[in-house]
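Engineer: sequence first, then the predicted structure, then my questions.
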Amino acid sequence: MASKFRAFLNSPVGPKTTHFWGPVANWGFVAAGLIDMNKPPEMISGNMTAVMCVYSVLFMRFAWMVQPRNYLLLSCHASNEAVQLYQLSRWAKGNGYLSQKKDEASSK
C-alpha cells in the first residue's frame, strides 16, 4: 500500500507537479459557475462567459495533447465548459437572443 502511494506521489502527474495542482485550482471556476446559477441572468456578463467558454475549449485541447495526458485538467475544463454554456444560454435568454418576439411568432 505504501509503495503505491509513494508511486503516486512521485508520478509525472502526482501532487508534486503542476499537472496536479493546476487542475485542482481550476475547479474553482466550476464551483463559481455552479454558485452563479442561483443569480438572476441580468448579473451574468455575456462577454466574460463567452471568454470562459473559449478558454475551457482551448485548455481541453491542451490537456488532451500534453504528454502525459492530463485527464484531471480535461475533466475540469469539460465541466467548466458545460457550466459556462448553461450560463451563456441563461444570459442569451435573459437578453432576448434566444426567444422569438411575440410579433414575429403571431405573424407566422
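Structural biologist: Cool, got the structure. Worth saying up front: this structure is predicted, and the values here are computed from it rather than measured. Numbers count the residues shown, from 1 in each chain.
Engineer: going forward, measure contacts and count neighbours with C-alpha atoms only.
Structural biologist: OK.
Engineer: can you map out the helices along the protein?
Structural biologist: With helices called from DSSP state H, the chain shows them at 2-9, 18-35, 46-65, 71-94, 102-107.
Engineer: center of this structure, which residue is that?
Structural biologist: residue 80 (1.3 Å; C-alpha atoms, centre = their mean).
Engineer: tell me which helix or strand of this protein sits lowest on mean pLDDT?
Structural biologist: Ranked by mean pLDDT, DSSP states H and E, the weakest helix or strand in the chain is helix 102-107, scoring a mean of 60.
Engineer: ok, now how distant is the residue nearest to the centre of the chain from residue 91?
Structural biologist: 16 Å (C-alpha to C-alpha, to the nearest Å).
Engineer: where does pLDDT dip in this protein?
Structural biologist: 100-108 (pLDDT under 70).
Engineer: tell me the most buried of the helices of the chain?
Structural biologist: helix 71-94 (a mean of 20; mean count of other C-alpha atoms under 10 Å).
Engineer: run the chain-centre distance for it.
Structural biologist: 4 Å (C-alpha atoms, centre = their mean, to the nearest Å).
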